[in-house]
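> my questions concern the predicted model and sequence given below.
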Amino acid sequence: MEIFGIATVAFMIAGFVKGVVGFGFPIIALIILTLSIGLLEALALVVIPTLITNLWQAFSGEHLRAIFGRMWRYFLVAVVFVWITSDYLDLVDVNWLTMLLGTVLFFFVLSRLFNFHFTVPPRYESVLSVPLGAVNGILTGLTGSFMVPSVLYMQAIGLRGDMLVQAMGIFFSISVFTLAVSLERNDLISVEQAQLSLLALIPSIIGLLIGRWSRRQIDEDRFQHIFLMSVLVLGGYIVVRSARALDYL
């Protein structure tokens, strides 16, 4: 019941944030659950709500064919490396994985706050999609965070507006589905966790609807800045806490 209560709060907040700013669902859910119950348990709980909320985003646009035609190499390489690296989840000290998650979130937020971006000319897309897809797959397989470097890469190749939102939905859906299958294959998700993850859809959707309604009532830019600063602080805290657990601090 304690885990159910924590999960309810985590997913409602995560849904609210996504409803207001359009992203951040897995970030918030992973942070709250990781700090409360641990990274591996958090990964098991976030898979179904994250998959469902992103599937809706993936199929709500008109650019499905164009996105796959342009990014299929990136998607394929990322999936392969999610599958490979997630096999090591139960072999690596979880404090190292948690530190990696905090570091990834920390630098992702810095890139958003300072509006860091780069441009990839079309002739280099097929070349860069392989190493960047591999990096994304490794980070997803070990931490469950699939924002880095996918969002920066999608912006770098010129995806904007609705096409960018749909591309993120597609990639996040593919990544979290692969991660879920791999967790089940490695016995890292139990029947009880799967049931709880399914139940978490309810607070996730409630939070999402409240967030969308609130979007008209609050300053979205100000809220996004507060959200990013909060993730920055929490990401740093996760790194410090993990380093202490490893006797580095």
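It's in. Numbers count the residues shown, from 1 in each chain.
> what's the spacing between the closest residue to Gln57 other than its chain neighbours and Gln217?
Using C-beta to C-beta, 6 or more residues apart in numbering and skipping residues adjacent in sequence, the residue nearest Gln57 is Gly169, 3.0 Å away. Heads up, the C-betas are built off the backbone N, CA and C, glycines and all. The gap separating Gly169 from Gln217 is 25 Å, by C-beta to C-beta, to the nearest Å.
> with Phe118 instead?
Taking C-beta to C-beta, one finds Phe118 at 35 Å from Gln217.
> list the contacts for Ala167?
Shown in contact with Ala167 (C-beta atoms under 8 Å, 6 or more residues apart in numbering): His63, Ile67, Met71, Met154, Leu159.
> can we see that at 6 Å?
Listed by C-beta atoms under 6 Å, 6 or more residues apart in numbering, the contact set of Ala167 reads Ile67, Met154, Leu159.
> find me the pLDDT at the closest residue to the first one other than its chain neighbours, would you?
Distances taken as C-beta to C-beta, 6+ apart place Ala167 nearest to Ile67, at 4.8 Å, with adjacent residues excluded. Confidence per residue is given as pLDDT, and for Ala167 that number is 92.
> kindly report the same for the one 5 residues further on.
According to the per-residue confidence, Phe172 scores 92 in pLDDT.
> for it, which residues are in contact?
If a contact means C-beta under 6 Å, 6+ apart, then Phe172 has Asn54, Phe146 as its contacts.
> let me see the backbone angles for it.
Dihedral angles of Phe172 (phi, psi; degrees, to the nearest 10) stand at phi -60, psi -40.
> thinking again about what came up before, how about the contacts of Ala167 in TSV, adding pLDDT and neighbour count?
Converted to TSV, these look like this (pLDDT from 0 to 100; neighbours: other C-beta atoms under 10 Å):
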residue	pLDDT	neighbour count
Ile67	94	22
Met154	94	22
Leu159	90	21
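> spit out the contact partners of the spatially closest residue to Val77 that is not a sequence neighbour.
Spatial nearest neighbour of Val77, excluding adjacent residues (C-beta to C-beta, 6+ apart): Gly133 at 3.3 Å. Applying C-beta under 6 Å, 6+ apart to Gly133 gives the contacts Tyr74, Val77, Ala78.
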